[in-house]
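> Sequence plus predicted model, see below.
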Amino acid sequence: MKGPQGGIDVATALDLLAKGGVLVDVRSMREYVAGHAPGARLVDPKALAEDPWTAVHGDDPLAEPDGTMVFICDNGLRASVAAKLTRDKGYNAEFIDGGVRGWRSAGQYLIPGPPRDRRR
């Protein structure tokens, strides 16, 4: 299944991340544990609807207020919805065209395992 149009390519995503953005994975826990982009934060899309900033950054004092939230999912569909919802709430947001599939096609790797506890 092909994802939606309008996302950014992986090179652009990496540039945004280098400038203070954060990679946000909106897949299920099972999908994330099977393999995710290094540094991606697993976030429940329902939490984004309430407050995107808190859902992604929590109480992180080092969060870059002008950084872009770069969303990723399997093929880009869920990430495109999350990015639009987040932009509609006034935040900078993009999604990776092709999702994890596009990430891998661009030569990037995935790592298995559960989300890291950001409080440590």
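Arrived safely, thanks for sending. Residues are numbered from 1 along each chain as shown.
> pull the CA atoms of the least confident helix or strand in the chain by mean pLDDT into PDB?
Within the chain, judged by mean pLDDT, DSSP states H and E, the helix or strand with the poorest mean is helix 45-50; its value is a mean of 93. Output of helix 45-50 as PDB, limited to C-alpha atoms (Å, rounded to 0.1, in the frame of the first residue of the first chain):
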ATOM      1  CA  PRO A  45      -1.700   9.400  18.400                       C
ATOM      2  CA  LYS A  46      -4.600   9.900  20.800                       C
ATOM      3  CA  ALA A  47      -2.300  11.900  23.100                       C
ATOM      4  CA  LEU A  48      -1.400  14.200  20.200                       C
ATOM      5  CA  ALA A  49      -5.000  15.200  19.900                       C
ATOM      6  CA  GLU A  50      -5.000  16.500  23.500                       C
END
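> which other residues reach it?
26, 54-56, 78, 81-82, 85-86 (C-beta atoms under 8 Å, 6 or more residues apart in numbering). C-betas here are computed from N, CA, C, even on glycine.
> Compare these and tell me which has the most neighbours.
With neighbours taken as other C-beta atoms under 10 Å, the top of the contacts of helix 45-50 is V26, carrying 28 neighbours.
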